[in-house]
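Engineer: Got a predicted structure plus its sequence, pasted below:
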Protein chains: 2
Amino acid sequence: MTEISGANRTATELVERHRETLERALEAIGERSYWSAFPESPSPRAYGEDAAAHGEQAHAEHLGKPFPLDQPGTDGWVGAEHSPYGLELDIQYPHPDLAALLPAMTAAIPAWRDAGPWTRAAVCVEILTRLNARSFEIAHAVMHTTGQPFVMAFQAGGPHAQDRGLEAVAYALAEQTRYPEAASWEKPQGRRPPLRMDKSFIAVPRGIGLVIGCTTFPTWNSYPGLFASLATGNAVLVKPHPGAVLPLAITVAVAREVLAEAGFEPDLVALAAETDGERMAADLAVRPEIRIVDFTGSSAFGDWLEANARQALVYTEKAGVNGIVIDSTDSYRGLLANLAFTLALYSGQMCTTSQNLYVPRDGIRTDEGQKSLQEFGDDLRDALDALLSEDAKAVELLGALVNESVIQRLETARTMGDPVVDTRPVRHPNYPDAIVRTPLVLRVSIEDEKIYGEECFGPVAFLVPTESTTQSIEIFRRLGLERGALTAGVYSTSAEVLDAMRNAALETGIALSENLTGGVYVNQSSAFSDFHGTGANPAANATYTDGAFVAGRFRIVQTRRHAPADVDADDQSAEPAEASG
Amino acid sequence: MTEISGANRTATELVERHRETLERALEAIGERSYWSAFPESPSPRAYGEDAAAHGEQAHAEHLGKPFPLDQPGTDGWVGAEHSPYGLELDIQYPHPDLAALLPAMTAAIPAWRDAGPWTRAAVCVEILTRLNARSFEIAHAVMHTTGQPFVMAFQAGGPHAQDRGLEAVAYALAEQTRYPEAASWEKPQGRRPPLRMDKSFIAVPRGIGLVIGCTTFPTWNSYPGLFASLATGNAVLVKPHPGAVLPLAITVAVAREVLAEAGFEPDLVALAAETDGERMAADLAVRPEIRIVDFTGSSAFGDWLEANARQALVYTEKAGVNGIVIDSTDSYRGLLANLAFTLALYSGQMCTTSQNLYVPRDGIRTDEGQKSLQEFGDDLRDALDALLSEDAKAVELLGALVNESVIQRLETARTMGDPVVDTRPVRHPNYPDAIVRTPLVLRVSIEDEKIYGEECFGPVAFLVPTESTTQSIEIFRRLGLERGALTAGVYSTSAEVLDAMRNAALETGIALSENLTGGVYVNQSSAFSDFHGTGANPAANATYTDGAFVAGRFRIVQTRRHAPADVDADDQSAEPAEASG
């Protein structure tokens, strides 16, 4: 009893502690202008003087050890992460005995359901807040599993992922609280006394949500689904990519710690680490206990999940072909610099990086005069060279290639077309074993759709010469419908071209960035403002984060009864008061 | 130009005309207490002195003729409706050439999309308002296709269906307008000028929604999906059951008339009438143009749709096994009267009618003393006899059996158990050919799960004697998980029993009515207050109407650009401002 009272008090305190943040987050999703709850700068001002050193230390302490996670149903220890920077990781994680783990998770759900939306949201914010405090530790974990450069690993793996998680919590809270907990229903009956009913409406979760992490953004792409499912009352099983476990293991550990402190079963969140090649995700995804799946990864497996995980709601982010239509610009230098940065960032290993640059073969009008296709290619090369001239600075933008398949893909690509900008190796001053490469831009022919019409994940872009901007838009439109995309860009000074491109973007359901020439890039999205993915094209069936992303994760179950004064057997009508089918 | 201006003016006028109704409806879905926009009483006070006569006349004029519908792509005329009351209908409907009709519908979508959520909502309310004015005509159409008694056909087919349609419009409007149309995003950059972006967010529909009507509630079960899809910018193809076309043909005609007057392509709504056995729904449901399916009907076809219509969002209402746990009551007369009415209404041909009555074999405690199982059965028989003693009154409650399969099912059921209440034929004073039957209540054994564990649609209920209320709840719970249900009831004076039943209802995801002894019945649901179905059990994957019912029918596609003063190529940071996966 004492423990339970303490737990209840903790939950109540958490609601009070985080009410303001939640209310601000609710406001933010209604405005979708700029807001962030977690500072993105890895500076001592934001995180304290010792945070960087403590984070590095905490990371170092994980190395070479079993990761401490006390979840039930562990039948062994697995781990084969490989740092793209060459650091020895050698961390072992519990491998789940699903027959023991899943029932424990299911058993934890009713009390979490009964806690209600505000308590769940507050517990989620507490988890995010503690994750935020460990952002440096998480940054090292993300860097050494994904190959992201440190600052990006900090931002994308830490505060930006936490903001996306909070955004999902806000939508979940808004969605559940749009229904009243109770209602008095009073229906006039002419001269007779009204019919009166008391009704209760309870948000009921679906069951266990499975979150399947990816290798490049283990936290950023997992937090929306994780927190959307958790905040709507579900338990969440996190199945990381075998190459990027540590950031999600830390996440799961923090979630379990907070849940337990708040008086809930920590088994509401658990890790499902697997050996490489085990394909545990496919086994898990079709189990009856799994009622939600959030997936980021290949189209092949995403499509398989959508077709086979029929007992679950399946949210997927898959491959696509992102393109930019380049027609004209009044800021040629801005265009080049922006584009160079986009292609260089994390060596193009983002699902939002532009792949196809559609440019009329006669060139483009610019504020520096007409530029031929050749000149544009040369200028893009120069812009990339300028951006990446110093190895020490270049690695902080490029990061390292995440794994062998990206390295291979880059090698193969070099044979596919005419290099407008060639790739070159970059030496990392601190990690000599890291494989770092600058982006490759290949000029292809418009007939080579088998090349540029597929996603070529990594530091490879295609310059596609077209007959005209009209044709550029038409190719963009067709590939958008067939292959999908997460991002699209257009550069034009013509209102007609912008209109045509906006229409193509609406028709294909692809988010469009227009004339980016400053410090915002087409491959970046900002939580609480930009939607990531639309769910309206083959690249993703869901969005981070909107109402549709959370609405199906719970259901309203109602109960009703006569209001106390209304129990009267004589008060019946021979006519049906309300009919239903 | 003149025509377009006129149309725009009409759309604007519609928004002003219906703004108050829409605002009230938005308020109603937030409160879920009593509200109705359309008077349910078929009285001259509500609908005018001539409405009844005009409606009957309008119905009579449909008979024996082709139904006037000018939609494109008609390759023939079909119709084989049969009135359960024996009236000769002989109405022909256009049979679609899908290769011509679907492209016309698709072409109509962009202007409808661009009109925005408020205009779409106002057009929908105008459609509903005109449908409401034709409620008497629709009542006759519903009566003579479904077998519903007239007042029920008026209420369920008219105002209650219209209220459900308006409820869907309200959720659609709320869901689309929760996102701003535009946002100014301004991100601080320390001492440097902030990054500033202008962003637009546009609700984009999925495509064509297919609404597959059922034979018993052609409008009530179709309007939520129809109006949810239409209000979110989709076109809607209405495929009625071959036995109940007229009510939906009138609906489609009214929708097309209003759309054209408001300046939109009428082809946004079209009818797909088929010959019996054509199975057009299955062909349609897997076509790429069909991106949403709303279905009411058998579990077999609903499950098939969920498995095969993979290109679409599929919302299904299927079969289930509704049960009532009877433990004890402080109003035995109220219980009996309420239960008798529930079983009698429309001869149990509602997907919400209770089928299984779980009663402890030792009987129940009541305000009239302990009642044995035998006494309870006898008293229920007496209550039904009292309710249905006069044929002329009985037919106004029972209606007619809708078709041969219900008649056959009733015949077969009589051999399955021990009749506690036998069925008897009732002679309809006005329609001597109508097949009218009182409900059959069969006592079965708890072992007969192959009988009571399946839906037996029609005027058949099973009295299931259990060891105890605990066992009653356990059977209810297990069948709920395995078979699903749309409604559940409990009668008990014990707080423990009510708690246990509420928990079972939450676990199985079934809406629960407690101790109904007055003028509200377990098989009735009230728009804007009661949810119909939960989507949380096998009987339905969706709810009329909640956020999840509308959220996926459209997607937000955003565009963004630098705010005018912000186009500055020098304003770049070497650090990623925002990262995304």
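Structural biologist: Yep, it's here. Numbers count the residues shown, from 1 in each chain, chains lettered A, B, ... in the order given.

Engineer: Next, count neighbours for A:I446.
Structural biologist: Residues within reach of A:I446, counting by other CB atoms under 10 Å in any protein chain shown, total 15. Every residue, glycine included, has its C-beta placed from N, CA and C.

Engineer: How about the one 5 residues further on?
Structural biologist: Applying other CB under 10 Å, we find 18 residues neighbouring A:I451.

Engineer: was I right about A:A344 contacting A:T438?
Structural biologist: Yes - under the criterion of CB atoms under 8 Å, A:A344 makes contact with A:T438 at 7.0 Å.

Engineer: overlap in contacts of the two?
Structural biologist: The contact sets of A:A344 and A:T438 overlap at A:L384, A:L388, A:A394, A:L398 (CB atoms under 8 Å, 6 or more residues apart in numbering or on different chains).

Engineer: Which members of the residues you listed are positioned in helices?
Structural biologist: If you go by DSSP state H, those have A:L384, A:A394, A:L398 in helices.

Engineer: So which residues of the stretch 201-350 of chain A form strands?
Structural biologist: Counting by DSSP state E, counting those that start in this stretch, one finds strands in the stretch 201-350 of chain A at the ranges A:208-212, A:235-239, A:269-271, A:290-296, A:313-317, A:323-326.

Engineer: can I get these in a markdown table with mean pLDDT and distance to B:V421?
Structural biologist: Output for these, formatted as a markdown table (pLDDT from 0 to 100; distance: least, CB to CB, whole Å):
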| stretch | mean pLDDT | distance to B:V421 |
| --- | --- | --- |
| strand A:208-212 | 98 | 44 |
| strand A:235-239 | 98 | 46 |
| strand A:269-271 | 98 | 52 |
| strand A:290-296 | 98 | 40 |
| strand A:313-317 | 97 | 42 |
| strand A:323-326 | 98 | 69 |
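
Engineer: Select, out of those, the one closest to B:D276.
Structural biologist: Taking CB to CB, strand A:313-317 is the member of the strands of the stretch 201-350 of chain A nearest to B:D276, at 35.2 Å.

Engineer: ok now the closest one, how far from the chain's centre?
Structural biologist: Relative to its parent chain, strand A:313-317 has a centroid offset of 11 Å by CA atoms, centre = their mean, to the nearest Å.

Engineer: With stretch A:371-389 instead?
Structural biologist: The answer for stretch A:371-389 is 32 Å, by CA atoms, centre = their mean.

Engineer: what comes up buried for it?
Structural biologist: Across stretch A:371-389, burial judged by 16 or more other CB atoms under 10 Å in any protein chain shown covers A:K371, A:L373, A:E375, A:F376, A:G377, A:D379, A:L380, A:R381, A:A383, A:L384, A:L387, A:L388.

Engineer: Pick the one among these closest to chain B.
Structural biologist: A:L387 (8.2 Å; CB to the nearest CB).

Engineer: could you give the mean pLDDT of stretch A:245-254?
Structural biologist: On average, the pLDDT along stretch A:245-254 is 98.

Engineer: what about that stretch, distance to the chain center?
Structural biologist: Taking mean C-alpha positions (CA atoms, centre = their mean), stretch A:245-254 and its chain are 16 Å apart.

Engineer: next one: stretch A:274-291
Structural biologist: Centre-to-centre, stretch A:274-291 and its host chain are 20 Å apart (CA atoms, centre = their mean).

Engineer: Relative to B:L442, which of the ones in helices among the shared contacts of A:A344 and A:T438 is nearest.
Structural biologist: Of these, the one sitting nearest to B:L442 (CB to CB) turns out to be A:L398, at 75.3 Å.

Engineer: Could you measure from A:L195 over to chain B?
Structural biologist: Using CB to the nearest CB, to the nearest Å, one gets 5 Å for the distance from A:L195 to chain B.

Engineer: was I right about that residue contacting B:V520?
Structural biologist: Yes - in this structure, A:L195 is within contact of B:V520 by CB under 8 Å, at 5.8 Å.

Engineer: Done for today, thanks.
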